[in-house]
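> Got a sequence here, can you model it:
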Amino acid sequence: MSDAAHGGNPYRVYLITWAILLVITVAMLGAELFHLPRIFLILFLVVFMMVKASMIAGNFMHLRFERRNLSWMVGAGILVTSLILYTFITPESLHVRNASQQPVKESGTAPHPGAGIQE
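Residues are numbered from 1 along each chain as shown. Model prediction:
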């Protein structure tokens, strides 16, 4: 039987989940203060983001009460979407990083506002 049938707080699981998510979020924000090597910081953040996503999906989206097949399908969808985004975002981020590391050419004169426009 549920807690509500016994006179308990029906929102207890949501409050506990919210408190745990809050603690994890504060830990993730505070992780930068420890000056971890970048790879460890990224792994720490990604692992805890996955934990938070699992808690949200399980408790707030009620997936923990569904059949495991539905949970696996949602997880596979998230994984495929993440891989697609990674495939498209990584080359662009490398391009932006390389472009930002190149020195800016300084010339003695400013270009004319209409320069480079061909009619």
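> Tell me which stretches of this structure form strands.
Read by DSSP state E, the chain holds no strands at all.
> By mean pLDDT, flag the weakest helix or strand of it.
Least confident helix or strand of the chain, by mean pLDDT, DSSP states H and E, is helix 68-101 with a mean of 84.
> what helices or strands is that helix leaning on?
Contact partners of helix 68-101 among helices and strands, from 3 or more Cβ pairs under 8 Å, 6 or more residues apart in numbering; DSSP states H and E: none. Every C-beta, even on glycine, is put in place using the N, C-alpha and C of the backbone.
> shaky segments in this protein?
Regions of the chain meeting the criterion pLDDT under 70 cover residues 1-7, 104-119.
> Give me the nearest residue to the residue most central in space within it, chain neighbours excluded.
By Cα atoms, centre = their mean, the chain has its centre lying nearest to Met49, at 6.0 Å. Nearest non-adjacent residue to Met49, counting by Cβ to Cβ, 6 or more residues apart in numbering: Met28, 7.7 Å away.
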